[in-house]
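> what would the 3D arrangement of this be:
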Amino acid sequence: SIQRVLPIIVPIVLIITIGIERLLVFVPQKFNKVFFSLAFVLLLFSLTLFWRSYFVLLPGLWTKWWNFGAKEIAQFVSQNDQSKVIVDNSRDQATYSPIVFYLQYPPDKFQTQFTHIATNYYNNPPFSSTVTFGNTITRPINWETDPITENYLVGDSLSISEDQAKEHFLDFVYSINDKTDTVHFNIYKTNPILKKQDNAKKQQKNYNN
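All right, here's what the predicted structure looks like:
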């Protein structure tokens, strides 16, 4: 959003400068000090609001809206590059975007799976929520197949609840928390052996009934 504004920053600065210059023509010389004093107070007030927004609210209350956790997920993916990592994107299909950025994944390699969009852009091609890059895939978790294969599952408390973790024998790895200790993502490792044994017991029980 900031990058979209960059092209008009210079014109805005010029307009404000011309406005102040024209305004000073109508302000008597003896009121110049008062004028600049008020401008200085407004500047301090503006900087105070900026400090509050950027250094207090952003790392605390607004982390969710600035993709907090994507960098930490990318670090985890890099450290476990030999394992499959599934990141749930049930509520945000663009979850892959900041992760790919922090991974510094090669753009030309990443874009190969979107060639159908580039060639058919103006015909509104369907968008697939499943995106794969390296050892990572972003899509909704499939609770029938994912727990019986060796991989890591990443999601928030709605994606992977404590009851689901127990039901599918997931081993908790760690959580990604912000400065207010709010949990944004939990990382679990599947336990295919226990899950398959449990499925076999359930099938045998259903068969006996």
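
> could you use CA atoms for every contact and neighbour count after this?
Noted.

> for Tyr121, grab the count of nearby residues.
11 (other CA atoms under 10 Å).

> what separates it from Thr112, distance-wise?
Distance, Tyr121 to Thr112, using CA to CA, to the nearest Å: 15 Å.

> using CSV, write out every CA atom in the strand or helix carrying Leu23.
Assigned by DSSP states H and E, Leu23 falls within helix 9-26. Extracted C-alpha coordinates of helix 9-26, given in CSV (Å, rounded to 0.1, in the frame of the first residue of the first chain):
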residue,chain,number,x,y,z
ILE,A,9,4.8,12.0,-2.7
VAL,A,10,6.9,14.5,-4.6
PRO,A,11,3.8,16.3,-6.2
ILE,A,12,2.2,16.5,-2.7
VAL,A,13,5.3,18.0,-1.1
LEU,A,14,5.5,20.6,-3.9
ILE,A,15,1.9,21.5,-3.5
ILE,A,16,2.2,21.9,0.3
THR,A,17,5.4,24.0,-0.2
ILE,A,18,3.7,26.3,-2.6
GLY,A,19,0.7,26.6,-0.3
ILE,A,20,2.8,27.6,2.7
GLU,A,21,4.7,30.1,0.5
ARG,A,22,1.4,31.7,-0.7
LEU,A,23,0.0,31.7,2.8
LEU,A,24,3.1,33.5,4.2
VAL,A,25,2.4,36.4,1.8
PHE,A,26,-0.9,37.1,3.6
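
> and it, what does it pack against?
With contacts defined as 3 or more CA pairs under 8 Å, 6 or more residues apart in numbering; DSSP states H and E, helix 9-26 has no helix or strand neighbours.

> please begin residue numbering at 36 from this point
Shifting the count to begin at 36 puts that one at helix 44-61.
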